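In: sequence plus the predicted model coming up.
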Amino acid sequence: MENENILNIVTNHYIKIQIYLENVMKYSTIALLFSMLFFVTPALAGSGHSHGPSKEQPPVSSEVAASRALEVVKALATDGKIEATWVGLKENKVEQKIFNERPEWVVSYKNKEISDVAKQTLYIFFTLSGEYIAANYSGS
């Protein structure tokens, strides 16, 4: 009988400890989740960055577009994508054209040293803010 009482007491204490530990785990998990909400979210809500589309830079002048085109010509010639005879030529024309309803700077060069007549005019395309887009011989 005495052993049964001790066994019941131990079992009751074991059950109480088990319930206590389950509650501690449950409330610790809840506390951890709430603390993560309060301490992590403000770090993400700061200023100085954007998740939307990037803001357009102001348009550059035709002179800046021509200057950037010279850099592109040098890079293309260095990479072997165009002949070296293009380097050092003065631009033929700098103008704004509309492609896909968007204005772009188009800087063109003429090179009479190129034997293929279809490739004697090189076109360099930039956004209005001066970012390089592409280069080709067709102008489109």
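Out: Yep, it's here. Numbering: from 1, shown residues only.

In: which is the next helix or strand following the one helix or strand residue 13 maps to?
Out: Element membership for residue 13 (DSSP states H and E) is helix 2-44. Counting by DSSP H and E, the next helix or strand C-terminal to helix 2-44 is helix 62-78.

In: could I get the buried residue list for that following helix?
Out: 65, 66, 68, 69, 70, 72, 73, 76, 77 (16 or more other CB atoms under 10 Å). The way it works is simple: take the backbone N, C-alpha and C, and place the C-beta from them, glycine included.

In: turn the residues you listed into CSV, columns for pLDDT and distance to residue 100.
Out: CSV is the format used below for the buried residues of helix 62-78 (pLDDT from 0 to 100; distance: CB to CB, whole Å):
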residue, pLDDT, distance to residue 100
65, 93, 19
66, 93, 23
68, 93, 21
69, 93, 21
70, 94, 26
72, 93, 21
73, 93, 24
76, 92, 23
77, 92, 28
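
In: just give me the closest of those residues to residue 36.
Out: residue 68 (47.5 Å; CB to CB).

In: is it true that the closest one touches residue 127?
Out: No - contact criterion CB atoms under 8 Å: residue 68 and residue 127 do not qualify, at 10.5 Å.

In: list the strands paired with the lengthiest strand in the chain, with their directions.
Out: Longest strand in the chain by number of residues (criterion: DSSP state E): strand 102-110. Strand 102-110 pairs in its sheet with strand 93-99 (antiparallel), strand 121-127 (antiparallel), by DSSP bridges.

In: deepest-packed of those strands, please.
Out: Among the strands paired with strand 102-110, strand 121-127 has the highest mean neighbour count (mean count of other CB atoms under 10 Å), at a mean of 21.

In: how far away from the center of its chain is that strand?
Out: 24 Å (CA atoms, centre = their mean, to the nearest Å).

In: by how many degrees do that strand and helix 62-78 diverge?
Out: 120 degrees (axes from the mean of the first three to the mean of the last three CA atoms, to 10 degrees).

In: nearest residue to residue 133 other than its sequence neighbours?
Out: Once flanking residues are discounted, residue 133 sits nearest to residue 125: 4.1 Å by CB to CB, 6 or more residues apart in numbering.
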